[in-house]
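1. Just a sequence and a predicted model for now, questions to come.
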Amino acid sequence: MRIATVGKGGSGKTTVVGTLTRILAESGIKVLAIDGDPNPNLALTLGIDRDATSRIRSIPTNIMTLKKDAEGNVLKLADGTSRLEMTISQDTLIDQFAAQAPENIKLVIIGAPPEGSAGSGCMCASHRAVRGLITEMTDYGEHTITDMEAGLEHLKRGTARNVDMMLIVAEPYYRSLEAASRVWSLAAELKIPLVYVVANKVRNAADQQAIEEYCEKHGMPILGTVPNEEQFMEAERKALSPIDYAPNCAGTNAIRDMAKKITEMKAPIPA
């Protein structure tokens, strides 16, 4: 299953995706985590310590190139987008760039801009690289889980076009829910087969009702609800993985329930 997690900045997206990844890997299956955010923070959330995190090499954006035929023409997919191929083998990519996280998780970082790139222009190459990597690394493990850039840019560029499932992390207030509905619309345009909302930082019944009413009105199914977990915030302050700091708190258990639902689903068969 290829899963992308998206959300407005500050929604708690990385906490959800890191914890979800750890839980999905608990049974010993191989999982590839991709940090596609220009401000990468997934490593600590997965449980990689600070020193090891600082040594992780970000994959260069030229890892993906346009695929061409024998005459040099760029090949296209059925939806009109360019076909991409990796410039190195899958094994080389894992050996040179992947960091070992707890359980059976490998982490690669591809969204971070290189040093000295300030003022250099758009992140087009990065978006293309993330899109290609999601596709090319599909068969690495049981799941490929990507922490996408906050906002809508990656969706407008089709970065998440090739995923099976998109999880939209939303908080129980209007601006966050409005952002979630925009993501929902773009995901529908990209024909992503499985799209769900994750209600996050829910403090009380009123918060829960607000999210449920909004999502019902806009036809957006909710995969699960994560409470406003104080122990997650404490883990953040201590630069620790939430699941290592509080493996049995209400927030972790809520994400565990969502992981169970995901494992019971089957990835859609490509058209």
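-> Cool, got the structure.
2. Now name the helix or strand holding residue 260.
-> helix 250-263 (DSSP states H and E).
3. can you check residue 200 too?
-> Assigned by DSSP H and E, residue 200 falls in strand 194-202.
4. hey, C-alpha coordinates of that strand in PDB?
-> The C-alpha coordinates for strand 194-202 follow below in PDB (Å, rounded to 0.1, in the frame of the first residue of the first chain):
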ATOM      1  CA  LEU A 194      -8.600   5.800  -1.100                       C
ATOM      2  CA  VAL A 195      -8.900   9.200   0.700                       C
ATOM      3  CA  TYR A 196      -9.600   9.700   4.400                       C
ATOM      4  CA  VAL A 197      -9.600  12.400   7.000                       C
ATOM      5  CA  VAL A 198      -7.700  11.900  10.200                       C
ATOM      6  CA  ALA A 199      -9.200  14.100  12.900                       C
ATOM      7  CA  ASN A 200      -6.300  15.200  15.000                       C
ATOM      8  CA  LYS A 201      -5.900  17.200  18.300                       C
ATOM      9  CA  VAL A 202      -9.500  16.600  19.300                       C
END
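5. so it versus helix 250-263, what angle?
-> Taking axes from the mean of the first three to the mean of the last three C-alpha atoms, to 10 degrees, one finds strand 194-202 and helix 250-263 inclined to each other by 170 degrees.
6. Which strands or helices does strand 194-202 pack on?
-> In terms of contacts (3 or more C-beta pairs under 8 Å, 6 or more residues apart in numbering; DSSP states H and E), strand 194-202 is packed against strand 165-170, helix 174-189, helix 205-217, strand 222-227. In this view, the C-beta of every residue, glycine as well, is placed from N, C-alpha and C.
7. Please identify the buried residues of the helix holding residue 260?
-> Neighbour counts over helix 250-263 (16 or more other C-beta atoms under 10 Å) mark 251-252, 254-256, 258-259, 262 as buried.
8. distance between it and the chain's centre?
-> Distance of helix 250-263 from its chain centroid, counting by C-alpha atoms, centre = their mean, to the nearest Å, is 16 Å.
9. Mind giving me the packing neighbours of it?
-> Going by 3+ C-beta pairs under 8 Å, 6+ apart, helix 250-263 lies up against helix 13-24, strand 222-227, helix 242-245.
10. I'd like to check the angle between the strand holding residue 200 and helix 205-217, please.
-> Using the same axes, to 10 degrees: strand 194-202 against helix 205-217 is 160 degrees.
11. average pLDDT for strand 194-202?
-> Summarised as a single mean, pLDDT over strand 194-202 is 96.
12. Return the list of strands paired to it, each annotated with direction.
-> strand 165-170 (parallel), strand 222-227 (parallel) (DSSP bridges).
13. Tell me which helix or strand comes right after the last one.
-> Same thing as strand 222-227. Per DSSP H and E, the first helix or strand lying C-terminal to strand 222-227 is helix 230-237.
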